[in-house]
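Peer 1: Generate a structure from the sequence data that follows.
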Amino acid sequence: MASNAVSYRDEYQRSMSDPDGFWLQAAQAVDWVVPPTQAHNKEDSPRGRWFADGELNTCYNALDRHVAAGRGDQPALIHDSAMEGTQKMYSYAELTEQVSRFAGVLRAQGVGKGDRVLIYLPMIPEAAIAMLATARLGAIHSVVFGGFAASELAVRIQDAGPKVVVTTSGGLEPNRHVEYLPTVAEALTKAGVPELPVIIKHRNGFTSDPQALGLTVVDWEAALAVAEPAAPVPVNATDPLYVLYTSGTTGAPKGVVRDNGGHAVALLWTMANHYDIGPGDVWWTASDVGWVVGHSYIVYGPLLAGATTVMYEGKPVGTPDAGAFWRVIEQHQVKALFTAPTALRAIRKMDPEAELLQKYDVGSLQTLFTAGERLDTDTYLWAGKVLGVPVVDHWWQTETGWAIVGNPRGLEPLPLKAGSPTVPMPGFDLRIVDGGGVDVATGEEGNIVLGLPLPPGTLPTLWNDDQRFINSYLSAFEGCYVTGDSGYQDEDGYVFVMGRTDDVINVAGHRLSTGAIEQVLGTHPAVAECAVIGIADALKGQKAVGFVVLKSGVSLAPADLQTELVALVRREIGPVADFKTAVVVDALPKTRSGKILRKTMRQIADGDDYTVPSTIEDPAVIEALLPVLSART
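Peer 2: Alright, predicted model coming up:
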């Protein structure tokens, strides 16, 4: 906790009553080329823009200024590859030199201010280097998760219109190598730009021949060796830093735009005040640069703050075992870890008693942060017990770029409540409304919406599609951004996010949250993780069906487990839930970022047309569930 703790309540109220003053003060943490004199420009209706008269360079703020401050020797980036058993450290001076030279490589390919660079890389240092080098030139990067199929890559190339693609020979998964170059070649052909230059970082162990594939190859190492370093290019605060396509996109992609100025201000505020991380602290976000979490809190946030960021190439289990996270914490003296609840559930499933934790000294760890999927009470309690540190959930979206709801550890931390990510963060005017947009009573579930304007760092629009932005997010409730999630606030103002609004089911006229039922199922000692979906029912409209994965080593007859789970839901929620079916499965289908594909499961069970999202971690899991789900109709 910060030694000069400031009250959350005071900070939040100040952000609501004087947002311009609050955010202009926060903006002082940025090194501006031209400091802004205004915070929010309300004339740009309906959303406004932040710091419109300011100029800066994000890469300079993430790198050069720390070197100029005399901290060039401090570790900036630690790459830890559990896949290859290697570690590599870049100081701020070394990372600045690498980024400025790669910016020269991009400039030699004609990349300049406002141009797009598409990055298709796994969790290797070159991913962060490419992102920062693009920002250095005032260009716009679009990172596509390494391993996406060619068709998905192609539509993103078409939509972003990049001048160059940055990729590598392939990515590493447990027990297999994933060749990237055939996918890139196919995607470029499908996008109609087969001649687009492709900068390739070559890795050992991959066999694809880029020349044979017809790629226009620029060798990363050869180009870097002769590149002239590029200086930071100032841009307007409102100029785009990146475009990130939302996971699960089907049809026309939805490109979330992030601007430079608001992004830098918001991330600097969060690193200090939400995560309590400052210069020299070691911070680890166990995610991927292909997701928004990787953008905000592997690359930009910690480097803007002058911290040391850990980039991990590996899994929570299987590389080599369920002690992998504890090894990284010990080896790099990690102060705070940010991961998805699904990673904790995977560790717990394989090592329920956390026996592997005893092999490591994780005394450096002060806080465990989670986001990306609901943190069930059982996992929250387990993680807190075995680690002995606060387990701090928080809730946000690709669109917002940082926490909507959280527990600010750098201010005066608030008491933690199981099941709640705590309270709205400064700048977010959070409301719970019914279908007509009317505020509901305390404790009553409804639609979670955010009053406009949204704070700095959130999306100002969608790439090349202002109208789609308005239609998708701003049209349902006047003057509000629609999160698409449902939930409620208790008497203390704590927010409970119960799931996507389409995960609210109607059982015989009663609206029930599948998230609430999942929370109950997750408390059973045999259950490692679970998903509840609403399936069409001729009599009652919908019925709730639970799919549960058992902890490793648990032996319990499915019929007995179902009886116990039904009784548990009846006791905790009541007969109104009419919960009668719990199915034991080997695994739940998830995206690579850890979200369970409840909607796809529901569509299969209801016999509706469905498309398996391109972001799925393992398509075989859906295949294995098909007969189980089809039997639910």
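Peer 1: From Gly401, how far out is the residue nearest to Val30 when sequence neighbours are not counted?
Peer 2: By the measure of CB to CB, 6 or more residues apart in numbering, the closest residue to Val30 outside its immediate chain neighbours is Ala264, 5.0 Å from it. To be clear about C-beta, it is placed using only N, CA and C from the backbone, and glycine gets the same treatment. As for Ala264, its distance to Gly401 is 11 Å (criterion: CB to CB, to the nearest Å).
Peer 1: Now do the residue nearest to Val30: how many residues are near it, please.
Peer 2: Counted with other CB atoms under 10 Å, the neighbours of Ala264 add up to 29.
Peer 1: same thing with Arg176?
Peer 2: 9.
Peer 1: Which pLDDT does the model give it?
Peer 2: As summarised for this prediction, Arg176 has a pLDDT of 85.
Peer 1: which SSE is the residue nearest to Val30 in?
Peer 2: Per DSSP states H and E, Ala264 falls inside helix 260-273.
Peer 1: Name the helix or strand for Ile533, please.
Peer 2: Assigned by DSSP H and E, Ile533 belongs to strand 527-537.
Peer 1: If I look at Leu118, what pLDDT would I see?
Peer 2: According to the model's per-residue confidence, Leu118 sits at a pLDDT of 98.
Peer 1: Revised request: answer the last question for Glu43.
Peer 2: Glu43 is assigned a pLDDT of 69 by the prediction.
Peer 1: Surely Val184 touches Val165?
Peer 2: Yes. Using CB atoms under 8 Å, Val184 is in contact with Val165, at 6.4 Å.
Peer 1: rewinding a little: in the helix or strand that the strand holding Ile533 is followed by, what's buried?
Peer 2: Proceeding N to C from strand 527-537, the next assigned helix or strand is strand 541-550, under DSSP H and E. Residues of strand 541-550 classed as buried under the neighbour-count rule (16 or more other CB atoms under 10 Å) are Gln542, Lys543, Ala544, Val545, Gly546, Phe547, Val548, Val549, Leu550.
Peer 1: mind giving me TSV with those and columns for pLDDT and distance to Gln158?
Peer 2: Formatted as TSV, the entries for those read as follows, by pLDDT from 0 to 100; distance: CB to CB, whole Å:
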residue	pLDDT	distance to Gln158
Gln542	82	38
Lys543	87	42
Ala544	89	41
Val545	92	39
Gly546	93	41
Phe547	93	36
Val548	94	41
Val549	93	38
Leu550	92	44
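Peer 1: Ile448 belongs to a helix?
Peer 2: No. The assignment for Ile448, made by DSSP: H, G, I helix; E, B strand; the rest coil, is strand rather than a helix.
Peer 1: what sits against it?
Peer 2: When contacts are counted by CB atoms under 8 Å, 6 or more residues apart in numbering, Ile448 is found next to Leu430, Arg431, Ile432, Thr483, Asp485, Ser486, Gly487, Val495, Val497.
Peer 1: what's the overlap in contacts for Val184 and Val165?
Peer 2: Among the neighbours of Val184, those also in contact with Val165 (CB under 8 Å, 6+ apart) are Tyr120, Val198.
Peer 1: tell me the contacts of Gln98?
Peer 2: When the contact criterion is CB under 8 Å, 6+ apart, the partners of Gln98 are Tyr90, Ile129, Leu224.
Peer 1: between these, which is closest to Thr216?
Peer 2: For Thr216, the closest of these turns out to be Leu224, at 17.6 Å, with distances computed as CB to CB.
Peer 1: element containing that closest one, please.
Peer 2: Leu224 is located in helix 220-226, with elements delineated by DSSP H and E.
Peer 1: what residues does stretch 513-521 touch?
Peer 2: Applying CB under 8 Å, 6+ apart, the set of residues contacting stretch 513-521 is 374, 376-377, 419, 445, 486, 497-499, 503-505, 527, 530-534, 544, 546, 548, 565, 568-569, 572-573, 577, 579, 582, 598.
Peer 1: Name only those of those that count as buried.
Peer 2: Taking 16+ other CB under 10 Å as the criterion, what is buried in these is 374, 376, 419, 445, 486, 497-499, 503-505, 527, 530-534, 544, 546, 548, 565, 568-569, 573, 577, 579, 582, 598.
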